[in-house]
Every structure is written in C-alpha cells, then in structure tokens.
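Asker: show me how the following folds:
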Amino acid sequence: MTYTMLAGTRAPVRVWTDPDGIEPEAQRQLRNIGALRWVEGVAVMPDVHFGKGATVGSVIAMRQALAPSAVGVDIGCGMSAVRTSLSADDLPDDLGRLRRAIENEIPAGFGMHRDAVDPRRVPGVEQRGWDAFWGGFDELTAPGVASLRARAHRQLGTLGGGNHFIEVCLDTEARVWLILHSGSRNIGKELADRHIAVARGLPHNADLPDRDLAVFLTGTPEMDAYRRDLWWAQEYARRNRALMMALLCGVVRDTVRADVAFDQPISCHHNYVAEETYGGVELLVTRKGAIRARAGDLGIIPGSMGTGSYIVRGLGNEDAYCSASHGAGRRMSRAKAKKTFTTADLAAQTAGVECRKDSGVVDEIPGAYKDLDEVIASQADLVEVVAHLRQVVCVKG
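Answerer: Numbering: from 1, shown residues only. I've put the predicted structure just below:
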C-alpha cells in the first residue's frame, strides 16, 4: 500500500497502515508530534504502537531540534544477522543442547558477564577503536553515570530482556542464519532517562501537549551534551551486538561444526538519530522502532517467537524518509498479553521452535504481535523481500 495522511496535524503525518486501526493512545501521540512547531514531517510505519512520549514505529524529521523520547530509552537498539555455510541437515537433533550452550555463553535478562569480556580476545570481533570508545565513557555528560562504568563493561556482549532475542533460523533454501536483537543495555537507558529529565525542565518545553515530547534545540549546551552521549550509546549498542554475534558464532563452531563459515553481517539500528537532507532541507531524523531503508540498504524485520523474520532491501522512498518498520509491532500491551494467554497457548504458538515456554515469556507470545506478513505487505513501496527466515531456536531474556 501507499501511505495515507493522518488528519488533524500541522506537519504532514504519513501513515503506512490503516489509520483507523491505530490504537487511540498512539493516534493521540502522533497528533501531538505533528503539532510540534519544530517538526517537518512524520512517517508512521505499519508496526506502529503506543510508546513513551513518541510512538514506537515512527520516523520524525525535525528542524534544529531533537526529542529524546523520539529515539527511545534503549538508544541504538537494533538487529544483526549472519548467514552461515550450514544447512538444516547440519544442525543437531537435540536443539535444546544448542539453546543451552547459547544461554550459557551470552547472559540475558538483567544478567551480565561475571568478568568483562575483552573483545580483543574474541575471534571475529572488530579490533580497532576500543580504547577510544571506552575513553569516550569518561566524556559522558549525563550526571551520575561515572559509577556505571563497571556495569557497562560487564554488560557488553549481553542480550537483555523484553523483546530482545537470539535465534537460529532457516531460510527457504534451508540455509542456517544467526540473528539477534539487542541495544545499549542499562547504560543507554540511564543516559536517556537523565537527558529526558533535563529536556522536560527547559522553558521552551513548558507548553507542550505531552511533557515527554520535550526537545533540545540546536546550538544549546543541552543539545550538544545529549548528542555526545547519544552517539556513544549508539556505538555501545553496535559493539554490543558485534560482540554477541562473535560469541554466538563461537558457540556454533563448538556445538555444530568447527569449519563453519560466516557471511558478512547485516546490521541496523532502529532507535537512533541521523542527520539527513530531504528536499534540500537539513533535518534531524529520529527513528524509534524503524530502520533506515535507503535504496539498496539491507535490513532485518523480525516477527515474534514463532513467526520468523524477513531480510529486506530498501527502496529509498523519501516520503517515508527512507525508512521501514523494525518488526511486526505489538498489538496488545505486555500486561494484557499476560491476562489473555497461558503457557499452553505459548507452547502451541511456538510449536516446532526450541525456546522457553514458561510464564516468564508469555508476554512475548506471537498472539501479542501484529501479523508479520501483513506488516511486510503494507510497506511494499518501502522495501523488497530478500529472504524469509523461520526460527528453529529462540533465546529470550
């Protein structure tokens, strides 16, 4: 489908789904965003749903301003995928052993490594820039984060919880893929929370329809401080995924085949900021639950624990600020999912997938998410499908 316009906004809000199907709370957020005087335009992805301040699944282009809530608190959250030389026949009959090996190697949930992993000792990890990267921690401006350095070190190369996951998948040609979804862990959230609090206290944000949409303005010390910390957190998230993927590849070598080969990884942020130009206008573009989809860009659009993922190639649609959805998107809150579904429902909906099937992940049940195929079909003018993956192993925090 092509986009439709959301009525009742000052700036254009283009929607790649049925506007009437968007939950009322998310519609209200989108209208609040579209009313901000700094907003040039908004592109709403088909996985859109209610979030804090700004909706998840929204791309917001601003002039000379930036709203931290339009990035989200998990700064730099994103996906990585690697195709391997393995086929389905190479996988062990006991996929539970493979899942346990992944869980033992990569902490999830609130967990962290007992001792910080030295990425320079992990095969397959980019070796350049680590000293400069950690040197950047000492330059973070958010108050009170210096004490979090040891935790940030130990959480590098860890998964987190919620909708974050590690999966072993098969494509339609039975080739094995490794994919994972994670972000900047606790340090990214701490930085985001502190800067959102600063933004809410600035005088120019006093009359906003939603204080969580507070913005920083270009040329101010508050904006400069946020962008320095934001860049570091985005880089932390990227390096976190790279280290996890290297650890995951090591598990596959140890438990499946030692001579396995790995293609170059596909990687994409979906909670981040970029400087981009459209129509000759320089803009600050925030993608919260959306990926960049310039012409030729490869991206990853996952579904849920039982519905697989898509590898896609961007078509460069400037009406959407060259973006696409970051996943299927939730159709109900976590609280509602826990009230609606049981562990028996989870087992049924994840049949054939080696994964947790306990009450701790019922809120991640496929039924709590939108239909992934419908989400993909709604953005046929944003991306083209390269591969369809189905998971056989899923690790959740």
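Asker: export stretch 297-311 as CSV, just CAs?
Answerer: Only the C-alpha atoms of stretch 297-311 are listed here, as CSV (Å, rounded to 0.1, in the frame of the first residue of the first chain):
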residue,chain,number,x,y,z
ASP,A,297,20.2,-0.8,2.2
LEU,A,298,19.8,-4.3,3.7
GLY,A,299,17.7,-4.6,6.8
ILE,A,300,16.1,-7.0,9.2
ILE,A,301,12.4,-7.1,10.1
PRO,A,302,11.6,-9.7,12.7
GLY,A,303,8.2,-11.0,13.8
SER,A,304,7.8,-12.8,17.1
MET,A,305,8.9,-16.1,18.8
GLY,A,306,7.0,-18.2,16.3
THR,A,307,6.7,-16.2,13.1
GLY,A,308,10.2,-15.8,11.8
SER,A,309,11.9,-12.7,10.2
TYR,A,310,12.5,-11.1,6.9
ILE,A,311,15.7,-9.8,5.4
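Asker: what's the offset of that stretch from the middle of its chain?
Answerer: What separates the centre of stretch 297-311 from the centre of its chain is 11 Å, taken as Cα atoms, centre = their mean, to the nearest Å.
Asker: what's the answer for stretch 286-294, then?
Answerer: From the chain centre to the centre of stretch 286-294 is a distance of 9 Å (Cα atoms, centre = their mean).
Asker: which residue packs closest to residue 317, ignoring adjacent ones?
Answerer: Nearest-residue entry for residue 317: residue 382, 5.1 Å, with adjacent residues in sequence omitted and distances by Cβ to Cβ, 6 or more residues apart in numbering. Where C-beta positions appear, they are placed from N, C-alpha and C, glycine not excepted.
Asker: now residue 225
Answerer: In space, not counting the residues next to it along the chain, residue 225 is nearest to residue 141; the distance is 3.9 Å by Cβ to Cβ, 6+ apart.
Asker: give me the pLDDT value at the one you found.
Answerer: Note for residue 141: predicted pLDDT of 93.
Asker: which residues are contacting stretch 213-220?
Answerer: 32-33, 36, 38, 53-54, 62, 64-70, 195-196, 199-200, 202, 204-205, 208, 222-223, 226, 284 (Cβ atoms under 8 Å, 6 or more residues apart in numbering).
Asker: tell me which of those residues fall in helices.
Answerer: 32, 33, 195, 196, 199, 200, 222, 223, 226 (DSSP state H).
Asker: I'd like the residues you listed as TSV, with pLDDT appended.
Answerer: What follows is these, written out as TSV (pLDDT from 0 to 100):
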residue	pLDDT
32	95
33	95
195	96
196	95
199	96
200	95
222	97
223	98
226	97
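Asker: who wins on neighbours among those?
Answerer: residue 33 (28 neighbours; other Cβ atoms under 10 Å).
Asker: the residue nearest to residue 317 reaches residue 321, doesn't it?
Answerer: No: the pair residue 382 and residue 321 fails to qualify as a contact (Cβ atoms under 8 Å) at a distance of 10.3 Å.
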